[in-house]
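Asks: Sequence and predicted structure are below.
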Amino acid sequence: MRLTPSPKLPSKSILDRSVGQKPGSLSVSADALTPRLFLVSFDQDYYEALEFTDYDLLMEAFRSAPQARHWIDVRGYGNVPLLERIMADFQIHPLQMEDVINDYQRPKVEEGPNGLFIVSRMIAFLPDHTLDDDQLSIFTGDNYVLTFQSDYEDCLDSLRERIRVGKGSIRKKPVMYLAYAMLDVTLDYYFPAMAQLGEYAEELEDCLFEQPSKQLLSQILDLKRVVVKIRRIVWPERDKINEILRLDESVVPQDLKIYFKDLYDHAIQLIDLIDNYRETTSSLTDLYLSNVSNRMNEVMKVLTIISTVFIPLSFIVGLYGMNFSRENPDGSLNPLNMPELYQPYGYVTLLGFMALVVAGMVYYFYRKGWLSKD
Amino acid sequence: MRLTPSPKLPSKSILDRSVGQKPGSLSVSADALTPRLFLVSFDQDYYEALEFTDYDLLMEAFRSAPQARHWIDVRGYGNVPLLERIMADFQIHPLQMEDVINDYQRPKVEEGPNGLFIVSRMIAFLPDHTLDDDQLSIFTGDNYVLTFQSDYEDCLDSLRERIRVGKGSIRKKPVMYLAYAMLDVTLDYYFPAMAQLGEYAEELEDCLFEQPSKQLLSQILDLKRVVVKIRRIVWPERDKINEILRLDESVVPQDLKIYFKDLYDHAIQLIDLIDNYRETTSSLTDLYLSNVSNRMNEVMKVLTIISTVFIPLSFIVGLYGMNFSRENPDGSLNPLNMPELYQPYGYVTLLGFMALVVAGMVYYFYRKGWLSKD
Amino acid sequence: MRLTPSPKLPSKSILDRSVGQKPGSLSVSADALTPRLFLVSFDQDYYEALEFTDYDLLMEAFRSAPQARHWIDVRGYGNVPLLERIMADFQIHPLQMEDVINDYQRPKVEEGPNGLFIVSRMIAFLPDHTLDDDQLSIFTGDNYVLTFQSDYEDCLDSLRERIRVGKGSIRKKPVMYLAYAMLDVTLDYYFPAMAQLGEYAEELEDCLFEQPSKQLLSQILDLKRVVVKIRRIVWPERDKINEILRLDESVVPQDLKIYFKDLYDHAIQLIDLIDNYRETTSSLTDLYLSNVSNRMNEVMKVLTIISTVFIPLSFIVGLYGMNFSRENPDGSLNPLNMPELYQPYGYVTLLGFMALVVAGMVYYFYRKGWLSKD
Amino acid sequence: MRLTPSPKLPSKSILDRSVGQKPGSLSVSADALTPRLFLVSFDQDYYEALEFTDYDLLMEAFRSAPQARHWIDVRGYGNVPLLERIMADFQIHPLQMEDVINDYQRPKVEEGPNGLFIVSRMIAFLPDHTLDDDQLSIFTGDNYVLTFQSDYEDCLDSLRERIRVGKGSIRKKPVMYLAYAMLDVTLDYYFPAMAQLGEYAEELEDCLFEQPSKQLLSQILDLKRVVVKIRRIVWPERDKINEILRLDESVVPQDLKIYFKDLYDHAIQLIDLIDNYRETTSSLTDLYLSNVSNRMNEVMKVLTIISTVFIPLSFIVGLYGMNFSRENPDGSLNPLNMPELYQPYGYVTLLGFMALVVAGMVYYFYRKGWLSKD
Amino acid sequence: MRLTPSPKLPSKSILDRSVGQKPGSLSVSADALTPRLFLVSFDQDYYEALEFTDYDLLMEAFRSAPQARHWIDVRGYGNVPLLERIMADFQIHPLQMEDVINDYQRPKVEEGPNGLFIVSRMIAFLPDHTLDDDQLSIFTGDNYVLTFQSDYEDCLDSLRERIRVGKGSIRKKPVMYLAYAMLDVTLDYYFPAMAQLGEYAEELEDCLFEQPSKQLLSQILDLKRVVVKIRRIVWPERDKINEILRLDESVVPQDLKIYFKDLYDHAIQLIDLIDNYRETTSSLTDLYLSNVSNRMNEVMKVLTIISTVFIPLSFIVGLYGMNFSRENPDGSLNPLNMPELYQPYGYVTLLGFMALVVAGMVYYFYRKGWLSKD
């Protein structure tokens, strides 16, 4: 009956901020993964994707091809000196690197000396009906995109494949298009999550009509909270994209704006969807409460009917269980004291009368509509 | 008892987006209709309307009359090469064509190289009390309006007739007036849909007072969701028209603005209507819950009254069913042990007393107002 | 038990819009009244008020006094050619004339070639507790105000009298002051309507405490809807006046602005009043539901107390109705099998004991506070 | 049980507006007090405070000291010719004088030819738990402040004393500082009113836990309405002060702005307080409803337990009240028909068994936690 | 059962404002602590921290090192002449000093002649589940930060340690960075308070499922109010930081803005967290009410089942307790009057029949799902 606390309380990390710590200090949690370093270098006619174990080799490869476009892909935060070297090499402000590591930031965009710093959230609706969300931190530069994430797994494999194959504009357009493509893929993953959430909502609704259990309300309220949580992620996501749209042309070229406009439309559609689910979960709560009360009413009705049928009958049989004396004090026969008891057909008549009473009451209840299922 | 999921969950299409697909790619669903091509060419004194099976012939006819105004009317999306040719011929951006095909876009307007790209939604309130909404995508150019829709049937036939007959301004005004007329007709169809929805709401209310059933709440909540859904369509519709109103005079001529202003007023009226229905459906929910509880109370009252009448009677008859011995242990008569049982008129007196008790209680309940219907 | 649908559903007219009809077409409903034409001409020292049956004569009188100020007052729409002649003479746009005739417009103001086009709503709270609202359409010009309304009766008679008497500024100030005076009188009529609505709310509250009936909730919810409807009329009314305040000095002279500012304050006061009533009706709903549940609880309590008093008594009398044999199988007296039955004072003692049980329970319930009225 | 209607319905005055009356006309209600006229004249080194019965004498005193600062203090409106003379002398617009007399205006500020016209509201939380609010109308000029109020009593005596004593800045600063001081004192009186309201809320809460009565909900809802009413007074109060802050330096000198900024902070604090009380009253409603239902549940539980204990016992004693014959038709002893009745220890055993049943049930209910108080 | 009033009613201080007191007057409450004076002086290479008992010595030390940066730290308000000297020395406006002393101000920032006046609130979630909040008032100058607080204890010790150790930028950056660091530390302390609040919410939820008590609802509603109170502190906190961000570069140097931007992000995260808790507490209320009703339903079900099982049985045993005479009046045997009583196996058969009835009913209830736990 105890609920899993995860969807209700924010992940501990956000509440574990070392109080009084100096701003911009990099305190990586003990269970952070060792960073893996990937470099995807590409041009219209050129493509190379490698994993490096040595950061120096990666930078060498990166610097040796200044004419190409690069995606430097860091997965895992568990190496502070490495992060500090990256900060120095790519002119990242300590506060921004802190935002990368404390990965519970809201989606946002900031302008930096080399380009943009974009925070996105990748979500997944887990089989245990909770929401998993991870942070994707993106730094853009003139010829590179630098991404950070806490896990080795992510949702960008389809994008890597698109770069490899080289179809579409991805290898022709400037590097900001790659950043756009990352946001696009990230946002695309919200839709199947919404679909799963929708299926779960349908499932709960089925339960609601078939076998409403005590936990159902908890589950519905948990679902509501998941919906509210997604909403709180998607709204700043929308604001973020809107902010990118309003950036200067020197940062986001004019011909890319239409892509971000499209992204913006997707975010709006997501918000519409989420508001739909909010309505749905509210309806589910109403239906649940009404259903529980309906079921209770059904139980009450059974009691009512059985009691109401038997209580008069019990009175009648009690009546004829009375011991009024057939004999007067003087021993003579008293014809007024319960003469029914001495009729030859008294018992049978009474049984018949009681059957009539039952039939009359059942008919009355039937006409009142109390015997029908609802 | 299971509800049709359609009004609650978004149509699958919006959730079936191929994740990670490159933006602007045209993936038409398998059950898309083969496009039918129509061309309506007209001028103040000239009118021609033809269906073409060959796109080349259509373009030839279109290009051969550059001084006329044209409505190119494409119904069905099931031919990607054709769509790509149209994109090329009319300079449509791939992302916009994607919006046309994935036809679950919110109403919006975008400026393009040739004119406007307008997305409208045509709605109908179906007999099964769900909402059907289809997309009408409109591209305007100097001398043409190009429309796309997924079905062969639409709500624009009255407009086609108006062009054929040539009455009013439709054949005199610039081609943007034709786009306006399309939006106007589309929006006009919302009003009968609202009227049907209102009749359905009245129907539900009648049910509510006559024979409230378990499903009624589901139906009311479904109606609520339909109203909310329309609201979410009409609001961006209003924003869209407002955006058109604020467009430059070179795009929407000043003397057409009054028409779009009128359209804007209609959208506002629709929003007022919808908010009315929101109140109505909220009231229905309140009334339903109050009604269910009232009916339950009526059942409870019957039990109360019947029980309360019979429980004291049962006590009385139980009293005289006791076996207190009239004889003392020494065999003498005990005048104190239940002497009533030995009165000649004891039984009759008791029956009369019980009748009095019943009458007293019924009178008490009557004065309390518990015997009245409510 | 069925409610009158009027306050909930919008008047049919708004939903009866001919779908697909060309914009600006004048389709007058069949039951429109034949127009009556009035002309009030006045100057600081001059006053004339006439009803004309012939529009030409009216125009002649209007044109023959260009230095005077005129109020052309058209009541009833049932003559399309006449309306078209007025449109031509006063340069009224077809869409505006359509707004005049389809008289379910929200309050609004539009600038036209000659002056303003103002739509106001006159409301009345009818004795059947529904809201009646009619449209007053006002066109202003250099030296005239032209008004349209659907009925012969209106709320402007006090204004006509003020013009006739000539007290105050009405005959000295420019014609825009006359338009202001119309809006002022119209808005003034909202206050008695609110007062009647308030009395009705008090009446419902009295019912609520004296004799809550099943229909009361419907009535409260209907009242709520009326309040919401007025709110939806007054808000755009306020916006309209605000828009007039922000109009150029050439349209509304600076020294008239203080009057419109005053009007604006009245509109704000109305909104405050309406929000008061919203609170009141919400409270009424809460009180109703709590009251119904309280009454039910009272019924339940009576049952509880009566049952709880009699159930133990019934057990006791049942106990002494048992047939345990006083004789052992060997015919000897069994002193343990229900010796109470054979005590000389057994019955009397038992009656006393039961009276004690009753007194004890009544005392317990009294101390619990269950016997008090609430 | 009927509530006093005052806090719910707006005071009649606002609804008694003479419909159709010309704007700016001074119609004073019949029970308006005869005006009393006060003049406080002061300078840094000079102070005089007098009551005048003759307006001419007052004006003479006012005009004879043009270098001093004056507070002309009019209490009571019951003399229209006097008011008209004041209007003429101080260049007050008729609409503003109408606002003074119809003293149910929202707080506001208007710029006039001589200075500001400020409307404030003085509130008091009366012992009968309703809200009393009176209007203080302030006109400022170069060297005077002119105030109007309907009653002889007000909340400005502490301010008068401060002027007399001459401590602080009040006699050194320009006359606008005096206006500020009035607003400050007026707003200061909101805080004790809030404190009394808070005590009343606590009182209601105590009632709620000790002896919830039927009227309590009415009282809580009335309190809620009082809170909402104060809220509707304080919000425009805040807006008013904000507007004063944004006035030109020529009207409100720069070095006084910090005082109005402080006033603004007080208004914000009041709004915070009021929102606190809104939460509190909402909680009270929830607690009341939950409490009523809890008390009902307690009553039900007593019934449940008593019934559930006695119903099986009643069955048992009924069982041994049956008359199955111990003799077979052939007169032989039937050992199977209720042999228990003939056991020597039958009755005692049965009593013991019933005690066991009771104990078992009580133990069961105890373990279920149904015997504890909540 | 009475709640501690503290979290609901504002601390008395805010309501104890001396009404009519002149603005800017310093009225310190009687229980204010005697001020303790601290001076932390530092430079990149220099650090000194001293407590002074004499204000003159402190000012001497402060003035003797004009090139250094200073933090003058005043704890306790109980010395008005001292406060007045500080006001004079640091050019603090009387109204601002009043805000310092009446320490229930909302977070705000004001520009003064020397720098900024910032009001912050330090919060703690106390073990008795109420919220403690204290005010930290900060004045910045060219080379100093002057802070006031009412208690000797505060949350800034970690900051003092950071200055002492001299790591990070704190001793290198301008003095405005120190003010930033104070705000940062203050805001950092909100996160553990939120964590404790979250744990308490979980605790309440556990109670809710295990042993819901009457007070639980009060506790949940109190928690809700605490959450609302924090919300009302954090929102102006966010606005305050936003205002600082928009200050001129001369006041807040451009390179410090990124730190305030980071602070702004933290405030937004806090608001997200708080909104999460609002949802959680709302869910708890719903769950509580549903739970209470569920428990009640369980009790009702037990009654229903026991009653429904025993009522028919009681009827049956009552039936065979009737005294219909086996003898006709003429003394002959009447075979129709209750012959069952004279069957050799009558009693046993009846017991069996009643066992069947019980089994049938239990089976029926089982199949209905009424015997399962929920």
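Replies: Yep, it's here.
Asks: What parts of the stretch 201-350 of chain A come near chain D?
Replies: A:Gly321 (Cβ under 8 Å from any Cβ of the partner chain). (Glycine included, C-beta is placed from N, CA and C.)
Asks: The residue of the stretch 201-350 of chain A found nearest chain C and B:Asn294, how far apart?
Replies: Residue nearest to chain C within the stretch 201-350 of chain A: A:Gly321 (6.7 Å; Cβ to the nearest Cβ). According to Cβ to Cβ, to the nearest Å, A:Gly321 and B:Asn294 sit 39 Å apart.
Asks: Tell me how many other residues crowd A:Pro113.
Replies: 9 (other Cβ atoms under 10 Å in any protein chain shown).
Asks: pretty sure it is in a helix, no?
Replies: No: counting by DSSP: H, G, I helix; E, B strand; the rest coil, A:Pro113 falls outside a helix, being coil.
Asks: My guess is A:Ile220 contacts A:Thr281. True?
Replies: Yes: if you go by Cβ atoms under 8 Å, A:Ile220 and A:Thr281 touch, sitting 6.2 Å apart.
Asks: higher neighbour count, these two?
Replies: It is A:Ile220, of A:Ile220 and A:Thr281, that has more neighbours when counted by other Cβ under 10 Å, with 26 against 22.
Asks: how near is that one to A:Met194?
Replies: Taking Cβ to Cβ, one finds A:Ile220 at 17 Å from A:Met194.
Asks: Please apply the same query to A:Arg69.
Replies: For A:Arg69, the distance to A:Met194 (Cβ to Cβ) stands at 32 Å.
Asks: What of A:Met338?
Replies: Going from A:Met338 to A:Met194 by Cβ to Cβ gives 77 Å.
Asks: Secondary structure of the residue of the stretch 201-350 of chain A closest to chain C: a helix, I assume?
Replies: No: assessed with three-state DSSP, A:Gly321 is coil; it does not lie in a helix.
Asks: what about it, how many neighbours?
Replies: For A:Gly321, using other Cβ under 10 Å, the count is 27.
Asks: low pLDDT regions in chain A?
Replies: For chain A, applying pLDDT under 70 flags the ranges A:1-22, A:24, A:372-374.
Asks: tell me the domain ranges of it?
Replies: A:27-291, A:296-368 (automatic domain parsing).
Asks: any chance of the ones you listed in CSV, with distance to B:Gln149 too?
Replies: Shown next, in CSV, are those (distance: least, Cβ to Cβ, whole Å):
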stretch, distance to B:Gln149
domain A:27-291, 19
domain A:296-368, 49
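Asks: Now distance to chain B too, for those, in JSON lines please.
Replies: Listed next are these as JSON lines, based on distance: least, Cβ to the nearest Cβ, whole Å:
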{"stretch": "domain A:27-291", "distance to chain B": "3"}
{"stretch": "domain A:296-368", "distance to chain B": "4"}
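Asks: Looking at the ones you listed, which is nearest to C:Thr186?
Replies: domain A:27-291 (38.2 Å; Cβ to Cβ).
Asks: Compute the distance from the centre of that closest one to the centre of its chain.
Replies: Chain-centre distance of domain A:27-291: 17 Å, with Cα atoms, centre = their mean, to the nearest Å.
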